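> I need the structure of the sequence given here:
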Amino acid sequence: MIRIYCDSNVFRLLKPTSKQFKQEIFDYFESIRKNAVFVFSEAHLDDLRPSPEYFRNEDLEYMEKYTDDLFIQYNHSTKIWDCFRATPKMAYEERNFTAYEDALKNPFDFRSLIADLGDFPGKELVCKMVETALSAPISVHGDGEVTPEIIEQNKELLDKMVPGYHPDMSVGSFMGNIQPFLKGLFEDHKEFDELHRSATAYIDTNEFKYEKWGLAFNEQLEKTLVGKKFTDILRQLSSANEGIDYWQQFFQAYLMLELLGITEEKAGGKRKKNNMLDLTKDCAHAFNAMSCDYFITNDKGLLVKAQILYHIFQVNSTKIINLDELDSFDLAQSQVDPLNKLIPFLKLLPKSLEVDQSVITYPLKDTFLHYFDSVSKFRINDKMYMIWASKDGGHYFMYRELLKVCSLVVGIWGKDSSGKDEVGIEELAMLAKSDISRVFAYGASRCVCPTNV
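Here you go, the predicted structure:
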């Protein structure tokens with residue numbers, strides 16, 4: 001299925017009443033809507049948070065024209081993206097922005113966090129465990145690498161980041177003392193710029209910046225005073241923070257690209273005035289887009305960092321498209337020929353498997369829906385073929401994607417063999433994952449639409 005994720009800027013370019021409206025981009029998106037579904041995430045909602053209510057509601061309602069009620073959200077427990085049926089306006093109204101912003105500005109206020117949870121079984125025990133952890137000296141979490149010499153060499157930076165720092169201070173004191181610095185990083189671009197200058201004070205970024213070296217920046221960085229590849233730094237950060245999840249790894253990497261000067265976002269020829277909250281929002285778009293087939297953006301800084309991290313994190317199932325390259329992606333192509341050629345193509349394949357084969361896979365000559373590019377035949381039932389996407393990185397089907405597939409097949413082949421036409425979303429919700437929603441006769445062959453979501 002063509003599942004598309006656009007950053008917030010793209011929706012502004014699509015909105016006819018916007019000063020940034022681009023007719024040619026609008027026309028392109030209108031032409032691909034019949035073959036695609038669009039999704040939105042919390043990152044889109046966060047981008048609209050500062051807007052006046054009237055304009056925000058207008059933007060949310062316009063976004064719905066493309067995304068409908070396809071709201072995706074990363075689940076930190078299951079490590080997959082969940083899809084919810086909620087329009088942009090519904091999702092915005094349900095989002096607790098106060099708690100979200102408080103967590104960003106004060107991520108270590110565990111006492112307030114527990115208090116906000118209200119009464120629950122075991123709360124007293126949890127409070128005692130948190131107090132014990134916060135009272136412990138920070139040295140118990142270290143590995144002996146922070147020596148008095150290192151503290152003295154970095155005294156100016158430590159005094160700024162953690163006033164009163166010493167190895168025996170409690171975890172709670174450390175978190176409390178570093179809080180003003182973190183708040184400044186999130187809210188003030190000057191604080192982030194100063195941290196960037198400190199990180200790059202003794203290195204020449206021209207020796208490894210991505211703009212000059214491309215993906216070879218990774219090896220180039222090791223040749224500088226840094227002495228390590230970028231990927232080695234990321235591994236070290238992950239190993240030092242056991243239990244860190246996928247989002248946190250991705251965010252750390254995104255932040256380090258800008259902090260070390262590997263990438264440099266610019267506006268008007270000068271370094272862009274980003275604070276850490278700005279980078280967090282952009283990073284969230286790049287991260288959530290990994291759940292889709294295409295990520296469309298016109299933000300060069302976001303695009304470049306996404307390209308780098310998709311390579312490092314081996315994200316092969318999501319194609320990044322710059323708005324300037326739209327003409328090279330013919331996603332509006334009619335699906336009549338690819339579908340009608342499918343059954344004749346299957347008939348030309350070998351009728352049976354070799355003795356030592358349990359499954360055999362062939363590439364499709366004509367990709368269907370710009371997604372299905374392979375077909376497999378199984379020994380367990382050698383009269384059945386399964387079409388699938390070899391590039392899929394674990395993407396599952398959403399209800400609306402199944403509706404889109406069925407609608408296209410019905411539009412080309414007509415009603416199924418029992419006289420049923422398009423599937424309704426309520427019908428899909430009632431079916432089990434192994435159920436068949438539609439069976440289409442094509443000569444002596446059958447094409448089935450499963451409900452595996």
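
> need the single longest strand in the protein, by residues.
Determined from DSSP state E, the single longest strand within the chain is strand 359-368.

> tell me the mean pLDDT over that strand?
When pLDDT is averaged along strand 359-368, the result is 80.

> list the pairing partners of that strand within its sheet, with orientation.
strand 372-378 (antiparallel) (DSSP bridges).

> now the strands for this protein?
For the chain, the strands defined by DSSP E cover 2-6, 36-39, 70-75, 80-85, 266-267, 270-271, 294-297, 319-322, 359-368, 372-378, 381-388, 436-442, 445-450.

> flag the shaky bits of the stretch 51-200 of the chain, pLDDT-wise.
Applying pLDDT under 70 to the stretch 51-200 of the chain flags the ranges 99-158, 171-172, 175-178, 180-181, 184-185.

> and the helices in it?
Along the stretch 51-200 of the chain, the segments classed as helices by DSSP state H, counting those that start in this stretch run 53-67, 88-94, 97-105, 110-116, 123-135, 148-153, 155-161, 171-187, 189-199.

> got the angle between the first one and strand 2-6?
Taking axes from the mean of the first three to the mean of the last three C-alpha atoms, to 10 degrees, one finds helix 53-67 and strand 2-6 inclined to each other by 160 degrees.

> packing partners of helix 53-67?
Under the contact definition 3 or more C-beta pairs under 8 Å, 6 or more residues apart in numbering; DSSP states H and E, helix 53-67 sits against helix 8-14, strand 36-39, helix 42-48, helix 88-94. Bear in mind the C-beta positions are built from the backbone N, C-alpha and C, glycine included.

> distance to residue 359 and mean neighbour count for the ones you listed - can I get that in CSV?
Shown next, in CSV, are these (distance: least, C-beta to C-beta, whole Å; neighbours: other C-beta atoms under 10 Å):
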stretch, distance to residue 359, mean neighbour count
helix 8-14, 40, 20
strand 36-39, 29, 23
helix 42-48, 39, 21
helix 88-94, 41, 18
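
> export these to JSON lines and tack on distance to residue 261?
Rendered in JSON lines, the data for these read as follows (distance: least, C-beta to C-beta, whole Å):
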{"stretch": "helix 8-14", "distance to residue 261": "24"}
{"stretch": "strand 36-39", "distance to residue 261": "33"}
{"stretch": "helix 42-48", "distance to residue 261": "25"}
{"stretch": "helix 88-94", "distance to residue 261": "36"}
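
> between these, which gets nearest to residue 161?
Set against residue 161 and scored by C-beta to C-beta, these come closest in helix 42-48, at 26.0 Å.

> using CSV, write out the CA atom coordinates for that closest one.
Output of helix 42-48 as CSV, limited to C-alpha atoms (Å, rounded to 0.1, in the frame of the first residue of the first chain):
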residue,chain,number,x,y,z
GLU,A,42,1.6,13.7,17.4
ALA,A,43,4.4,15.7,15.8
HIS,A,44,1.8,17.4,13.5
LEU,A,45,-0.3,18.3,16.6
ASP,A,46,2.8,19.7,18.4
ASP,A,47,3.7,21.9,15.4
LEU,A,48,0.2,23.5,15.6
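
> brilliant, that's me finished.
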